[in-house]
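K.L.:
Show me how the following folds:
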Amino acid sequence: MLKGDRKKILLAFYGDDFTGTTATAEALTETGTPTVIFTQPPTVSFLAEHFPQVKAVGVAGTARTLAVDKLEDALTPVFETLKEYHAPVFLYKVCSTFDSSENIGSIGRAIEIGKEVFSPDFVPILPAAPKLGRFTVFGHHFAALGQGETYRLDRHPSMAHHPVTPMQESELRLHLARQTELKSGLINLFVLDKGMDHVQALLDRFIAESIPVVFFDCLYEQHLMLACEVIWQRARSEKPVFFVGSQELGYGLGRAWQKAGLLLASQVDSADKRASDKGSLFVLSGSCATVTGEQILWAIENGFLDIEIRPWKLLDPADKPLEQEQVIEASLSALQEGHSLVVHTAIGPNDSRIGLTKEKAKELSLTYETANEILGDALGEIALKILQVSNPRRFVVAGGDTAGRIQKHLSIQALQVAKPIGIAAPLCYVYSSEPRANGLEMAFKGGQIGSVDYFGKAQAVRTADFETAALGRF
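P.N.:
Below is the predicted model:
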């Protein structure tokens, strides 16, 4: 555990999708931890010169959608660069539903790569996010459906039937065992409720028994806070902790740093007194999740215009140009008239467009990964053209897979949290080499995240201008 060093980078983190990375930055920012997310890991010298205030440095990735044989090439160079920061904790941020498989977005393989790079004594895993309704109880994982009922993961109406990574096993150790041969242990609720000394003693036993992976139960926020304090006490720069877990670890680690005197209350200025309205909102949704579908319907019922994209046409090179042109023209017309707008590829999981898109992908002999790349690139091209012509100052992307693809077309270099909107999908300031995107306020919203009126809140919230709030520069 480090004490008293307020100049040091305290955390380096990689998010396996864009939406989760911004949610992690939100949690850290709310604790007073100056945080910036980059799309490519910057050098130590660049950070010192351009972002000297920053205490937590994140990299927004796409590992959640990558085939297992592509993870090593994607993750190793990023991990090696982040290791150079000598931060005492490295976080591999995963979705709080822990959805993954042995073939796509393998958390097990990511842990193996992290162990090779960072050589930690053990790898703690805490995927729960109690603020968001995600819990681990005696090793089994549970998730709420939006703001409603909580389900065991293998019985969850959405996650158990995810089109790519269906969660058909709620016992997280068994689920992980399908992705790696690394043995894992569990610190359950009974041990956590006995306090710090009991948790540390069990961790010592696991390490002595050469059990390299340790899951933490988490039902209440107090469990998360205790786990993060335990991990922080074991952190040191020469041999960092390689931590795997949800975005809410940002709250727990930030609290531990506050207790250790490593954060100053004046380090982050919310600039609320300089806040202003930003006009109409542009939403681009590539999500087929139930929650996002309900949010789109709410927006339509509350004055947003909506435009349907026919995604199967974006897969076909013969149909793609005309489909993009029609969507762009209709979107520009709506925005130029001052309307808030939702452009979408589906409204919920039962939208007929999903089946038509799968049929077209099959007809064109496209794998899921290839089809996803084509759709993401097509949506990115649509977004860039709309931003270049109409210049809205606030933009929401719905769908974690969609967000990672779109950001590349906007030449996003970094993100900084501007304002929370509920939990886990904040508005962020954009640092970009694309003039129309630089200073833009964007939210990257996961498919299952947010209240039903999320888009309304995103349109209404007041924020400071980018020029007065930026933590650094390029």
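K.L.:
mind checking the longest strand of the protein?
P.N.:
For the chain, the strand that runs over the most residues, judged by DSSP state E, is strand 412-419.
K.L.:
now the helices for the stretch 251-400 of the chain?
P.N.:
Using DSSP state H, counting those that start in this stretch, the helices assigned to the stretch 251-400 of the chain run over residues 290-301, 311-315, 320-336, 352-363, 368-390, 400-409.
K.L.:
So what touches stretch 114-123?
P.N.:
With contacts defined as C-beta atoms under 8 Å, 6 or more residues apart in numbering, stretch 114-123 is touched by 75-76, 79-80, 83, 90, 92, 111, 182, 203, 206-207, 211-214, 234, 239-244. Using the backbone N, CA and C atoms, a C-beta is placed for each residue, glycine as well.
K.L.:
residues contacting residue 387?
P.N.:
Residues in contact with residue 387, defined by C-beta under 8 Å, 6+ apart, are 282, 395, 410, 434, 436, 437, 440.
K.L.:
And for residue 419?
P.N.:
Contacts of residue 419 by C-beta under 8 Å, 6+ apart are 426, 427, 461, 462, 463.
K.L.:
ok so, going back, top of the contacts of residue 387 by neighbour count?
P.N.:
Comparing the contacts of residue 387 on neighbour count, residue 282 comes out first with 26 neighbours (neighbours: other C-beta atoms under 10 Å).
K.L.:
Verify the stated contact: that residue with residue 393.
P.N.:
No - using C-beta atoms under 8 Å, residue 282 is not in contact with residue 393; the gap is 9.3 Å.
K.L.:
shared neighbours of the two, anything?
P.N.:
Residues touching both residue 282 and residue 393 do not exist when contact is defined as C-beta under 8 Å, 6+ apart.
K.L.:
Check residue 408 and give its pLDDT.
P.N.:
Model confidence at residue 408, expressed as pLDDT, equals 87.
K.L.:
State whether it and residue 380 are indeed in contact, as I suppose.
P.N.:
Yes - in this structure, residue 408 is within contact of residue 380 by C-beta under 8 Å, at 6.4 Å.
K.L.:
Settle it for me: which of those two has more neighbours?
P.N.:
Between residue 408 and residue 380, counted using other C-beta under 10 Å, the more crowded position is residue 380 (20 against 14).
K.L.:
From the contacts of stretch 114-123, which land in strands?
P.N.:
With strands identified by DSSP E, the entries of these that belong to them are 90, 92, 213, 214, 241, 242, 243, 244.
K.L.:
ok so, going back, mind giving me the ChimeraX select for the contacts of stretch 114-123, buried ones only?
P.N.:
The buried residues among the contacts of stretch 114-123 can be selected in ChimeraX (16 or more other C-beta atoms under 10 Å) with this line:
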select :75,79,83,90,92,111,203,206,211,212,213,214,234,240,241,242,243,244
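K.L.:
Any chance of TSV for the contacts of residue 387, columns secondary structure?
P.N.:
Conversion of the contacts of residue 387 to TSV gives the following (DSSP: H, G, I helix; E, B strand; the rest coil):
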residue	secondary structure
282	strand
395	strand
410	coil
434	coil
436	coil
437	coil
440	coil
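K.L.:
circling back to that earlier point, need the helices of the stretch 251-400 of the chain in a markdown table with distance to residue 222, can you?
P.N.:
What follows is the helices of the stretch 251-400 of the chain, written out as a markdown table (distance: least, C-beta to C-beta, whole Å):
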| stretch | distance to residue 222 |
| --- | --- |
| helix 290-301 | 27 |
| helix 311-315 | 44 |
| helix 320-336 | 46 |
| helix 352-363 | 40 |
| helix 368-390 | 39 |
| helix 400-409 | 28 |
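K.L.:
quick one, which of these is nearest to residue 35?
P.N.:
Shortest distance between residue 35 and the helices of the stretch 251-400 of the chain, using C-beta to C-beta, is found for helix 400-409: 17.2 Å.
K.L.:
just the angle between that closest one and helix 368-390, please?
P.N.:
Here helix 400-409 runs at 50 degrees with respect to helix 368-390, directions being taken by axes from the mean of the first three to the mean of the last three C-alpha atoms, to 10 degrees.
K.L.:
How about residues contacting helix 400-409?
P.N.:
17-20, 39, 60-62, 64-65, 95, 284-287, 372-373, 375-377, 379-381, 383-384, 397, 444, 446-447.
K.L.:
Quick check: PyMOL command selecting the buried ones in those residues.
P.N.:
Of those, the buried ones can be selected in PyMOL as follows, counting by 16+ other C-beta under 10 Å:
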select buried, resi 17+18+19+20+39+60+61+62+64+65+95+284+285+286+287+372+373+375+376+377+379+380+381+383+384+397+444+446+447
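K.L.:
My guess is residue 394 contacts residue 441. True?
P.N.:
Yes - contact criterion C-beta under 8 Å: residue 394 and residue 441 qualify, at 4.7 Å.
K.L.:
For the two, list the residues in contact with both.
P.N.:
With contacts taken as C-beta under 8 Å, 6+ apart, the residues that reach both residue 394 and residue 441 are 278, 427.
K.L.:
worst-scoring helix or strand of this protein, pLDDT-wise?
P.N.:
Within the chain, confidence by mean pLDDT, DSSP states H and E is lowest for helix 400-409 among all helices and strands, at a mean of 81.
K.L.:
CA-only coordinates of it in PDB, if you can.
P.N.:
Extracted C-alpha coordinates of helix 400-409, given in PDB (Å, rounded to 0.1, in the frame of the first residue of the first chain):
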ATOM      1  CA  GLY A 400     -21.400  -1.400 -26.200                       C
ATOM      2  CA  ASP A 401     -20.300  -3.200 -29.300                       C
ATOM      3  CA  THR A 402     -21.500  -0.300 -31.500                       C
ATOM      4  CA  ALA A 403     -19.700   2.300 -29.400                       C
ATOM      5  CA  GLY A 404     -16.300   0.800 -29.900                       C
ATOM      6  CA  ARG A 405     -16.600   0.900 -33.700                       C
ATOM      7  CA  ILE A 406     -18.200   4.300 -34.000                       C
ATOM      8  CA  GLN A 407     -15.500   6.100 -31.900                       C
ATOM      9  CA  LYS A 408     -12.800   5.200 -34.500                       C
ATOM     10  CA  HIS A 409     -14.700   7.000 -37.200                       C
END
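K.L.:
From the chain's centroid, how far away is it?
P.N.:
Offset of helix 400-409 from its chain centre (C-alpha atoms, centre = their mean, to the nearest Å): 12 Å.
K.L.:
buried sites along that helix?
P.N.:
Going by 16+ other C-beta under 10 Å, helix 400-409 has these buried residues: 400, 401, 402, 403, 404, 405, 406, 407, 409.
K.L.:
got those residues as TSV, with distance to residue 258 columns?
P.N.:
Output for the buried residues of helix 400-409, formatted as TSV (distance: C-beta to C-beta, whole Å):
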residue	distance to residue 258
400	29
401	34
402	35
403	30
404	31
405	36
406	35
407	31
409	38
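K.L.:
Just flag the most distant two among those.
P.N.:
Greatest spatial distance among those (C-beta to C-beta): 400 and 409, at 16.4 Å.
K.L.:
Excluding covalently adjacent residues, which one is nearest to residue 331?
P.N.:
Distance criterion C-beta to C-beta, 6 or more residues apart in numbering; nearest residue to residue 331, sequence neighbours excluded, is residue 386 at 5.1 Å.
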